[in-house]
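the following comprises the amino acid sequence and a computationally predicted model.
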Amino acid sequence: MTNQTVEFKALPLHDAEEQKKKKKSGDENEERGNWGKKLDFMLSCVGYAVGLGNIWRFPYLCYRNGGGAFLVPYLMMLCFAGLPMFILELGFGQFASRGCIGVWSISPLFKGLGYSMCFITAIVCIYYNVIICYTLFYLYASFTKNLPWSQCNRAWNTENCMVSKAGDNSSIANTTMNYTRPSQEFWDKYVLDRSSGLEELGGIRWQICLCLLLAWVIVFLCIAKGVKSSGKVVYVTATFPYLVLFILLIRGLTLDGAWDGIVYYIKPDFKKLKDASIWKDAAVQIFYSLGIGWGSLQTMASYNKFHNNYYRDAIIIAGINCGTSVLAGFVIFSVIGFMAHDSGLPISEVTDSGPGLAFVAYPEALSRMPISPLWAILFFVMLFTIGLDSQFVMMETVITALCDEVQHMVPKIYKYKTWITLGFCVAWFLLALPMVTRGGIYLVTLMDNYSAGFSLLIVAFMECMVVAWGYGATRFESDMTSMLGFKINPYWKACWMIISPSSLCSSLCSSVRPTLH
């Protein structure tokens, strides 16, 4: 039996002479293409990183883990694991100019990491667009004089439905546990027509199915021409949410009880730092938020020109992303404070994680505002655009990975990319049909819980170890210098080799430990 060694090959440099020949098209890589403008890449990364998780997941985790105390492990994980890995993935993809599978040509033995990234992203693409289609349903329902979830006199309401009146704190506090809000019944009884459980999927909700079809049509039209088309769409989808967030923040701060919500949001409880779960939550949130380990960052960076200053881009994008999470926290908790004041319930009882905050609690608050349909329309347009640009990037990740893999067999495959994109959109629409049944929400929840999380941390840990210790941190640093024209701070090299893997390993142990008891 012969001894086998793992070979780590040098990543292919761009041919300078070949680049000169292709100046006429403006692209260094004529087959794959490049971003039309530098701002296209920046906004695509911002749009991808700033997603639905920034709107409901970060504020909830901050509340659950001691308010402002959560910012301590959050910022530490950003510095020790999030930002170093963010820089590594952008540099890796830009230097190789390949998708999340092709970049592992440095060692075919570890190509499974690329397939893992691609597979995780493909699974998320299926149910992520279902969440987006919910926003389209709510957006359509908002075009009315009175929001359908503002009252209890609808056909789907039960006898337990009750609307509190501002200032009447006893109306809800003295009711039984059977009390339900009209927004909750609208979500459960009308939007979902929720079945009793996963074992009873029931029939397809045709209204949701049509919204899902519309969502996939919009996604296809936006990415049909690859980064040339999606890079233009993000000028709207990546900037509009900030306009709406600032409008809602100003409006939220003028509501009664808003300050109580803000104090609840930023008040630190440093005793929580002793709990290992807060560090695990911080690590997972950073990776979810920045999009590390999904393969999408390498894919987007692979369309950059060779000498693009990705290092500066990475720091700016990460700063914008984390700042958005904090901003969204102020927006949501100002409204949650208003809801607590309005209903007479403690703040801890009007918050919810996951879809509940976006599709139950917030619509309830929006229905109490003056000109409520206008605020509802703005809010759900914002949710739609935030989800849409993340979907763009995840779709592009999977399609690019496939095209890069079969290019040696079909050299002109990028000429058929529009048809390939159409095929993927149709396939994913069909795969998502069980999720728009009466029991579909249980499938969405199941896939959201198990498609990414623990597996994402494992992929990121292995990626860091292979690049830093297999390919070599010094070698990788030299490759980055050839692109940037200057040497990056040695701190990042120390992170890639020791600090980031150690942080990820600790987070993995924290994720496993609760399941062992």
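Perfect, I can see it now. Residues are numbered from 1 along each chain as shown.

you'd agree residue 469 is up against residue 493?
No. Contact criterion C-beta atoms under 8 Å: residue 469 and residue 493 do not qualify, at 11.9 Å. (C-beta placed from N, C-alpha, C; glycine too.)

more neighbours: these two, which one.
residue 493 (19 against 13; other C-beta atoms under 10 Å).

ok, the more buried one touching residue 480?
No. Residue 493 is beyond contact range of residue 480, at 9.7 Å (criterion: C-beta under 8 Å).

tell me where the model's unsure across the protein.
1-38, 56, 66, 164-178, 225-238, 343, 350-356, 510-517 (pLDDT under 70).

repeat that for 50
The chain contains residues with pLDDT under 50 at 1-4, 15-25, 166-176, 514-517.

does anything pack onto the helix or strand containing residue 456? Which helices or strands?
Residue 456 belongs to helix 454-465 when assigned by DSSP states H and E. Packing contacts for helix 454-465, counted by 3 or more C-beta pairs under 8 Å, 6 or more residues apart in numbering; DSSP states H and E, involve helix 83-96, helix 111-141, helix 276-290, helix 500-512.

which of these sits most buried?
Mean neighbours per residue, mean count of other C-beta atoms under 10 Å, is largest over these for helix 83-96, with a mean of 26.

so what's the residue count around residue 250?
With other C-beta under 10 Å as criterion, residue 250 counts 11.

now it: how far from residue 362?
16 Å (C-beta to C-beta, to the nearest Å).

same question, residue 342
Counting by C-beta to C-beta, the gap from residue 342 to residue 362 is 13 Å.

same deal with residue 473?
The value you get for residue 473 to residue 362, if C-beta to C-beta is used, is 45 Å.

more neighbours, the two?
residue 362 (27 against 21).

just how off-centre is the host helix or strand of the more buried one within its chain?
Following DSSP H and E, one finds residue 362 within helix 362-366. Chain-centre distance of helix 362-366: 22 Å, with C-alpha atoms, centre = their mean, to the nearest Å.

summarise which helices and strands it is packed against.
Where contact means 3+ C-beta pairs under 8 Å, 6+ apart, helix 362-366 is packed against helix 182-185, helix 310-343, helix 372-406.

go again using 10 Å as the cut-off
helix 111-141, helix 182-185, helix 240-253, helix 310-343, helix 372-406 (3 or more C-beta pairs under 10 Å, 6 or more residues apart in numbering; DSSP states H and E).

which residue, other than its chain neighbours, is closest to residue 347?
residue 340 (4.5 Å; C-beta to C-beta, 6 or more residues apart in numbering).

mind listing what the closest residue to residue 244 other than its chain neighbours touches?
Spatial nearest neighbour of residue 244, chain neighbours left out: residue 382 (4.0 Å); criterion: C-beta to C-beta, 6+ apart. Residue 382 is in contact with 55, 135, 240, 241, 242, 243, 244, 245, 247, 248, counting by C-beta atoms under 10 Å, 6 or more residues apart in numbering.

and what of residue 153?
161, 163, 182.

which non-adjacent residue is nearest residue 467?
Nearest one to residue 467, counting by C-beta to C-beta, 6+ apart, is residue 476 at 5.8 Å.
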